[in-house]
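**Student:** when you get a sec, could you give me coordinates for this:
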Amino acid sequence: MSTLTDNSMTNHHAHGLIQQIGETLHVWHERYRTRRELTHWTARDLHDVGLSWSDIAYEADKPFWRA
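**Tutor:** The predicted model follows:
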């Protein structure tokens with residue numbers, strides 16, 4: 001015969017899932033923020049890092065969930 005306790009009915013995976021969701025949301029926010037920041041760079045900034053306006057347009061048009 002098995003006995004159920006409060007602890008045995010606890011979802012031990014919830015903390016890990018919540019942490020993964022939080023990390024995913026953080027990554028998405030950083031992608032969104034950095035892509036928007038790129039659109040404000042000057043031609044000199046782009047030249048210094050070896051990017052073109054078309055590179056920036058391509059990156060900025062990506063949805064935040066796509067790497």
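
**Student:** contacting residues around the longest helix seen in the chain?
**Tutor:** Looking across the chain with DSSP state H, the single longest helix is helix 14-38. Residues outside helix 14-38 that contact it (C-beta atoms under 8 Å, 6 or more residues apart in numbering): I56, E59, A60, K62, F64, W65, A67. Backbone N, C-alpha and C define where each C-beta goes, glycine included.

**Student:** and if we set it to 6 Å?
**Tutor:** If you take C-beta atoms under 6 Å, 6 or more residues apart in numbering as the criterion, helix 14-38 is touched by I56, E59, A60, F64, W65.

**Student:** how far out from the middle of the chain is stretch 22-32?
**Tutor:** Centroid displacement of stretch 22-32 relative to its chain, using C-alpha atoms, centre = their mean, to the nearest Å, is 2 Å.

**Student:** now that stretch: buried residues?
**Tutor:** Buried residues in stretch 22-32, defined by neighbour count with 16 or more other C-beta atoms under 10 Å: R31.

**Student:** what is the mean pLDDT for it?
**Tutor:** Regarding stretch 22-32, the rounded mean pLDDT is 97.
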